[in-house]
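Chemist: sequence isn't available, so here's the structure alone:
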């Protein structure tokens, strides 16, 4: 145990003014600006710590009494002794708290394209977070040093007091104000992390986004969060995904939806067309007599299932385009075509739930 009175060169009965005077004298001699030697620096830290304890009346009283002094009522074994035996022992058995704590979790948001959802994507993203201090490796101490036992609580991290009550003297316990409940103090903090055991730095996270995610999906990355104080374990990262809007394709579950504009002649005669999709070319067959709102399904060209195997489908809604401007030759041909068919006046058709659903879904963009 360090003798704070001896460090300052005063008697135990020294007044606050005598303690202050002794500290100022030694500080002028040992201050690094005046005496840059390593020995003087170590003595200056001891002198400063001794003055911090002895200049505070409460800390000085606890230092003089020690952790076991002043407890109990004296004489017989009464209620105060019973409370002291059970409650005091229970509180002191908790011991000092650890400096090592788990790092905080982080929530990151990542925007990806719809085509990246089909098969998944790998991303490397840079984050500003807390990482382990390389200088002290999480010990919080300057290299070559270590924490020392707190002189006030004697390493327990707790200060106990006897409080008088109707039942006698009851033991109370509170965290030590000098060491903040750790039981040790760090006289030589690490200069890189200022005694925290971690520093702020940029770190690259390597992420594999699985296929089939959708906006709002959260991915859990255990142990990828910020480093904990004093070398504590890392927290976790939660990654929230947002899928960008696509001008051509939309999504319904794991199916991809698209609208294909077809000329009237192609709808009448039928045709086959090859177009670029999200993962390569796809061939779509337009059967003769195709109507607007018909749906052509291309199997297994949708999005890969998030859980399980296989893919959804590509569902293409047909929109027949009626020509607006016709030249004289085209107009004559259309008139001849119309004349060759039995005239059928427009009329309401029988309600068809399937047709109505297709039209609704197409125009609402579902």
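Modeler: Nice, thanks for sending it over. These numbers were taken from a predicted model, which means no experiment stands behind them.
Chemist: ok, residue 38 - how many residues close by?
Modeler: Residue 38 has 7 neighbours, counted by other Cβ atoms under 10 Å. (Each C-beta comes from the backbone N, C-alpha and C, glycine too.)
Chemist: ok, for residue 159, nearest residue in space, not its chain neighbours?
Modeler: residue 176 (5.1 Å; Cβ to Cβ, 6 or more residues apart in numbering).
Chemist: please apply the same query to residue 23.
Modeler: What sits nearest to residue 23 in space, not counting adjacent residues and going by Cβ to Cβ, 6+ apart, is residue 51, at 4.2 Å.
Chemist: coming back round to it: per-residue confidence for the residue nearest to residue 159?
Modeler: Residue 176 carries a pLDDT value of 89.
Chemist: mind listing what it touches?
Modeler: 150, 152, 153, 156, 157, 158, 159, 183 (Cβ atoms under 8 Å, 6 or more residues apart in numbering).
Chemist: which strand or helix spans the closest residue to residue 278 other than its chain neighbours?
Modeler: Spatial nearest neighbour of residue 278, chain neighbours left out: residue 115 (4.2 Å); criterion: Cβ to Cβ, 6+ apart. Using DSSP states H and E, residue 115 maps to helix 114-119.
Chemist: which is the next helix or strand following that helix?
Modeler: That would be, after helix 114-119 and using DSSP H and E, strand 121-132.
Chemist: counting by contacts, list what that next one packs against.
Modeler: strand 106-112, strand 198-209 (3 or more Cβ pairs under 8 Å, 6 or more residues apart in numbering; DSSP states H and E).
Chemist: by how many degrees do that strand and strand 198-209 diverge?
Modeler: On the basis of axes from the mean of the first three to the mean of the last three Cα atoms, to 10 degrees, strand 121-132 is oriented at 160 degrees to strand 198-209.
Chemist: ok, the helix or strand following strand 121-132: who's next to it in the sheet?
Modeler: Once the chain leaves strand 121-132, the next helix or strand it forms, by DSSP H and E, is strand 148-149. Here the strand partners of strand 148-149, with direction, are listed using DSSP bridges: strand 184-185 (antiparallel).
Chemist: contacts for the strand it pairs with?
Modeler: 49, 96, 147, 148, 149, 150, 155, 178, 179.
Chemist: how close does the third one get to residue 96?
Modeler: Spelled out, it's residue 147. Applying Cβ to Cβ, to the nearest Å, the value for residue 147 to residue 96 is 11 Å.
Chemist: how about the contacts of strand 184-185, which pair is most distant?
Modeler: 49 and 96 (18.2 Å; Cβ to Cβ).
Chemist: quick one, helices of this structure?
Modeler: Along the chain, counting by DSSP state H, helices occupy 4-8, 16-30, 38-54, 57-65, 79-83, 89-92, 114-119, 264-269, 328-340, 353-364.
Chemist: ok, residue 150 - contacts?
Modeler: With the criterion set at Cβ under 8 Å, 6+ apart, residue 150 makes contact with 157, 176, 178, 179, 182, 183, 184, 185.
Chemist: got TSV for those residues, with distance to residue 59 too?
Modeler: Below are those laid out as TSV (distance: Cβ to Cβ, whole Å):
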residue	distance to residue 59
157	15
176	9
178	6
179	11
182	16
183	16
184	16
185	12
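Chemist: quick one: which of the residues you listed is nearest residue 206?
Modeler: Proximity of the contacts of residue 150 to residue 206 (Cβ to Cβ) peaks at residue 182, which lies at 35.6 Å.
Chemist: of the helices of the chain, which is nearest residue 316?
Modeler: helix 353-364 (10.5 Å).
Chemist: tell me the mean pLDDT for that closest one?
Modeler: Here the average pLDDT along helix 353-364 is 51.
Chemist: going forward, the N-terminal residue is numbered 732.
Modeler: Got it, the first residue is 732 from now on, which makes the last one we talked about helix 1084-1095.
Chemist: tally of neighbours for the residue nearest to residue 1009?
Modeler: Applying other Cβ under 10 Å, I find that residue 846 has 15 neighbouring residues.
Chemist: got a list of what it touches?
Modeler: Contacts of residue 846 by Cβ under 8 Å, 6+ apart are 977, 1009, 1010.
Chemist: what subset of these is buried?
Modeler: 1009, 1010 (16 or more other Cβ atoms under 10 Å).
Chemist: what separates the residue nearest to residue 960 when sequence neighbours are not counted from residue 966, distance-wise?
Modeler: In this structure, residue 960 finds its nearest non-sequential neighbour in residue 832, 4.9 Å apart by Cβ to Cβ, 6+ apart. For residue 832, the distance to residue 966 equals 10 Å [Cβ to Cβ].
Chemist: okay, and the common contacts of those two?
Modeler: By Cβ under 8 Å, 6+ apart, the residues touching both residue 832 and residue 966 are residue 959.
Chemist: more crowded one of the two?
Modeler: The residue with more neighbours, out of residue 832 and residue 966, is residue 966; 21 against 15, by other Cβ under 10 Å.
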